[in-house]
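Trainee: Predicted model and sequence follow; I will ask about them next.
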Amino acid sequence: MESVTIMGAGVMGGTLLSALVRAGHDRGALVVCDRDTRRAQELADEHFVRAAGPAEAATNADVVVLAVKPQDMNSLLTELTGHLAPAALVISIAAGITTDYLEQRLPEGTSVVRVMPNTPALVDQAMSVMSPGRHCTDEHLEQAERLLTTFGKVVVLDEKHLDAVTALSGSGPAYIFYVVEAMIEAGVLLGLPRSTATELAVQTLYGAATMIRQTGEHPTVLREQVSSPGGTSVAALRELEDHKVRAAFLTAIEAAARRSRELSAGN
Ligand SMILES: NC(=O)C1=CN([C@@H]2O[C@H](COP(=O)(O)OP(=O)(O)OC[C@H]3O[C@@H](n4cnc5c(N)ncnc54)[C@H](OP(=O)(O)O)[C@@H]3O)[C@@H](O)[C@H]2O)C=CC1
Ligand SMILES: O=C(O)[C@@H]1CCC=N1
């Protein structure tokens, strides 16, 4: 089984490591590294894998996953200089960071794949989109796909779409959690106990998501089925339209894509 090193023991590094362990990846072939060595050791201990410094972690890795913030990518790449195996596959999950940027800082010919996963990887329901770099072989792309498939769905797209992808599915869980928070608050406002409001909102989200997936119907059709003539749903939806909630989603997701592009410049 290939050796995988995860650089960055934060939210996504931890999420991806836990997913690989859950999928039965050989623990002896998993290494985690963080500039906070205590954090790396804690994560390693939690999953019975090994923590190591950047040089050692990179040297023997078949796959190196870069899971640091985009703003830290330059310094991480400097630390990796001279330590990557020539045949290693580098998978970057950083928002905004292009394969071009990575290839310019890594040894000539390094296989790079840019991936945008999301936090539902924690429950094996990630949406990951990947774009191969210039030197990425078919074998390396398949290797990346195999790893990513262990914790969710994977799609290959041209890199020109990756800022939009980051804005939609990368950040997407945050928008959904925000909507659910607001629905829970509304239930509490109407006098429901908070625990009941939470259960109702969460099951409604789960049921609605499952319906979209299983029926294959467009969300508009499903929304219309809920909206009885002269009824409650249409009364609520008019308020959402009046408050320009749809337009707010469009501009919010545009802002996220813009921010992804800014991050590519190291801001
Ligand atoms: N969170 C999400 O939902 C998603 C995030 N991403 C991307 O994943 C990446 C990580 O995000 P996230 O996990 O949220 O961020 P975190 O800040 O939680 O994790 C990044 C970790 O990397 C550490 N780090 C920084 N520099 C180095 C270095 N040179 N060597 C080793 N470790 C280092 C950080 O330390 P310190 O705390 O000291 O900075 C931190 O522990 C980002 O690029 C983000 O764009 C992609 C998809 C979804
Ligand atoms: O907020 C962020 O920048 C990261 C990238 C996608 C999701 N979280």
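Mentor: That came through fine. Ligands and ions are numbered 1, 2, ... in the order given.

Trainee: Could you use CA atoms for every contact and neighbour count after this?
Mentor: Noted.

Trainee: and this protein, which residues reach ligand 2?
Mentor: A95, T166, G170, S171 (Cα under 6 Å from any ligand atom).

Trainee: what residues are up against the closest residue to the third one other than its chain neighbours?
Mentor: Spelled out, that is G170. Sequence neighbours aside, N118 is the residue nearest to G170 in space, at 4.9 Å (criterion: Cα to Cα, 6 or more residues apart in numbering). By Cα atoms under 8 Å, 6 or more residues apart in numbering, the contact set of N118 is A126, M127, S128, S169, G170, S171, G172, P173.

Trainee: Got the phi and psi for L43?
Mentor: Dihedral pair for L43: phi -70, psi -40, per degrees, to the nearest 10.

Trainee: Out of the residues of the chain next to ligand 2, name the ones that lie in helices.
Mentor: Judged by DSSP state H, the residues of the chain next to ligand 2 include no members of helices.

Trainee: Of those residues, which pair is most distant in space?
Mentor: Farthest pair in those (Cα to Cα) is A95 and S171. Separation: 9.8 Å.

Trainee: Which one's more surrounded, these two?
Mentor: Counted by other Cα atoms under 10 Å, A95 and S171 do not tie: A95 has more neighbours, with 29 against 19.

Trainee: from what I can see T5 touches L30, true?
Mentor: Yes: with contact defined as Cα atoms under 8 Å, T5 reaches L30; the gap is 5.9 Å.

Trainee: What is the neighbour count of the residue of the stretch 151-267 of the chain found nearest ligand 1?
Mentor: Relative to ligand 1, the nearest point of the stretch 151-267 of the chain is G170 (5.0 Å; Cα to the nearest ligand atom). The burial count assigned to G170 is 25, neighbours taken as other Cα under 10 Å.

Trainee: Tell me the confidence at the residue nearest to G170?
Mentor: For N118, the pLDDT comes out at 98.
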